[in-house]
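# 3D model of this:
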Amino acid sequence: MEFEPVIGLEIHAQLLSKSKIFCGCSTTFGAGPNTHTCPVCLGMPGVLPVLNREVVEYAMRMALATHCRIAPVSRFARKNYFYPDLPKGYQISQYELPLARDGWVWIETENGPRKVRIHRIHLEEDAGKLVHDEHQPFSYVDFNRTGVPLIEIVSEPDLRSPDEAASYLKTLRDILRYLEICDGNMEEGSLRCDANVSLRPSGTTPLGVKTELKNMNSFRNVQRALEFEIRRQRALLERGQSIVQETLLWDANRNVTVSMRGKEEAHDYRYFPDPDLVPVEIDSGWIEEVRAQLPELPDAKRERFMKQYALPEYDAQVLTSQKALARYFEQVIETFPQPKAVSNWIMSELLRELKKEEREIETFPVSPDRLGELLGLIASGVVSGKIAKTVFEQMHTTGKSARQVVDEQGLVQVTDQDAIEALVDEVLSENPREVEQYRGGKEKLMAFFVGQVMRKSRGKANPQAVNEILRKKLARKESP
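Residues are numbered from 1 along each chain as shown. Predicted structure coming up:
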C-alpha cells in the first residue's frame, strides 16, 4: 500500500521589540543569566502584566502579509503546565480568540507553486531556558527569555513532503525578515519550528494518527527529522502496527527521533481567559494604518525584478531572498546600470565571500557604489574579468576602492596590440608541438594557448585581443 505524508507546521517567531510583551525588561540576546528579569515576568505575587502595543502591531504586520483575517477582538488565556523554566506555572497565550485566522502563502515546490493555508496566528510569551550541566546531574534556569514576545503561526495540514515543509518555513522566514519583526535565526532560537506529521493511504482523505516533532534548530534538521519520521511511520504501518500519538525530540547527533511524552490535547492545559488582561480590540482604522506601512514583500519584489530588470526567475529568486541583498543589488544598479552583469557578480563572487565568512550583507566591507565602480572598470576594458576578482579580494581586505587597487598594483589591462602580439609569438615559438597539433585539427588547444599568454601577461592581457591574434597566427597556412 502506498502512503501519503500529511504535514503541518507550528512556527514560533520571536518578535524584535526592545522590551518584553507584558513588562519593560530588555529582550536583548546574550546577556548574563537572569539579568533581564523583573517581578512581572517572574510572576511574583500581586504584579499585573501590561500589553506592549508594538508587539500587537508586529503581529498584525505578519497577519496582513500572509492574507489573514484580523479579529476585531482577541483574548489572552493562561496555558497551565508545570516546567522549571515557567516561573508562573502557566504561559500567557491566546486560545479561543486568536489575533488572526484563515491566511495563506504560496511556496515553490518541485511541481510548481503551491498554496499553503494558515490556520491561525496568535500572540504569546516565551518561556525561560534550561541549561543542562554536562558533568553533573544539574540543570540551570535562565529566565531572561521569559516574557519575550512570540507569534505562533499554525499551518493547515497542507504540506505533503519534507521539501515542501522546508520551502514553507523558508517562505515565512523571508516574510518575517522583510517585515523586520524577527531576525529568523533558528540557531539562536528566535525562529523555532514544531512539526505534526501523519501518514494515510494515498487517495484517501481521513487523517492518520499524528506525532509532533520538536527540537529542530535548522532548515536541514527540519527536513531530516521529517524524512526519518515518515520512514519510521511507514515501516510500522507496513508491518500492520499502529502509530502512537506522542511528542518526539529530534536527536541531530544520531539522526533519529526520540520519544519525549504522550501528545497533549488542549484540555490538558486547562486553558481559561487571563483575568489580568483585558481583550485586545482592533478597529479597521488601526488595521489600515498598519497595512499602509507594509514594505514590498518577497513575491512582489521578485516579480518586479523580473519585469523591471529583465532578470531570469532564478536570479530574481536569489536576489530577493533577503531584503538587504535586494537593496544592495538595486544600489549597485544606480552606479552601474547593467542588471544582469550585477546579478552575476553578486551571485558568484559576493555570495561566495559571504558564505565563506558566515557574515551578513549589511556588514560586507565593499559598498554597493564601489562594486559598481569595479564593474564599470571591467566594462570599459580597464581590467579583465579575471583581474577584477583579484581587485575585489583586495577591496574586501583593505577597504580601498577599485581604482586605488588597480593604480597601486599596476593591474590595468594590456590592450596594446603590439605588446599582445609579442606575447603570442613567444608562446607559439615555445610550443611548436602544440602548434602542429592544433593545425592538424586539435582545435581545443586554443584554450591552452590563451592560458599561456594570460600567464605571461599575469592576467592583464585583453582576452578578446589574445583570441583574435592567436586565431590569425594559428591559421593553417601561416607559420608562427
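# Which residues are in contact with D276?
Counting by CB atoms under 8 Å, 6 or more residues apart in numbering, D276 touches 48-49. (C-beta placed from N, C-alpha, C; glycine too.)
# Am I right that it falls within a helix?
No - secondary structure of D276 (DSSP: H, G, I helix; E, B strand; the rest coil): coil, not part of a helix.
# What confidence value was assigned to it?
Looking at D276, its pLDDT stands at 95.
# cool, K18 as well?
95.
# Who are the contact partners of it?
26-27.
# I'd like to know how far it sits from Y58.
K18 sits 12 Å away from Y58, going by CB to CB, to the nearest Å.
# and if you look at Q437?
69 Å.
# More neighbours: which of those two?
Neighbour count, other CB atoms under 10 Å: between Q437 and Y58, Y58 has more, with 24 against 15.
# hang on, the more buried one in a helix?
Yes - assessed with three-state DSSP, Y58 lies in a helix.
# is it true that it touches I21?
No - the criterion here is CB atoms under 8 Å, and Y58 misses it with I21 at 10.3 Å.
# anything in contact with each of those two?
With CB under 8 Å, 6+ apart, Y58 and I21 have common neighbours P149.
# after the longest helix along the chain comes which helix or strand?
For the chain, the helix with the greatest residue count under DSSP state H is helix 219-238. Scanning forward in sequence from helix 219-238 by DSSP states H and E, the next helix or strand is strand 246-251.
# by how many degrees do that following strand and helix 219-238 diverge?
Put simply, strand 246-251 runs at 130 degrees to helix 219-238, going by axes from the mean of the first three to the mean of the last three CA atoms, to 10 degrees.
# after strand 246-251, next one along is what?
Following strand 246-251 in sequence, per DSSP H and E, is strand 256-262.
# sorry, back to before: can you spell out which helices and strands pack onto the longest helix of the chain?
When contacts are defined as 3 or more CB pairs under 8 Å, 6 or more residues apart in numbering; DSSP states H and E, helix 219-238 packs onto strand 3-14, helix 162-179, strand 191-201, strand 211-216, strand 246-251, strand 256-262.
# How about residues contacting that helix?
Applying CB under 8 Å, 6+ apart, the set of residues contacting helix 219-238 from outside is 1, 3, 5, 7, 162-163, 165-166, 169-170, 186, 193, 195, 197-199, 208, 211, 213, 216, 242-243, 248, 250, 252, 255-257.
# I'd like to know which of those are buried.
The neighbour-count test (16 or more other CB atoms under 10 Å) marks 3, 5, 7, 162-163, 165-166, 169-170, 186, 193, 195, 197-199, 208, 211, 213, 216, 243, 248, 250, 257 as buried among those.
# longest strand in this structure, by residue count?
strand 112-125 (DSSP state E).
# Paired strands for that one, with orientation please.
Sheet pairing of strand 112-125 (DSSP bridges) gives strand 100-109 (antiparallel), strand 149-155 (antiparallel).
# could you dump the ones you listed to a markdown table with mean neighbour count, distance to I469 and mean pLDDT?
Formatted as a markdown table, the entries for these read as follows, by neighbours: other CB atoms under 10 Å; distance: least, CB to CB, whole Å; pLDDT from 0 to 100:
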| stretch | mean neighbour count | distance to I469 | mean pLDDT |
| --- | --- | --- | --- |
| strand 100-109 | 18 | 47 | 94 |
| strand 149-155 | 24 | 62 | 97 |
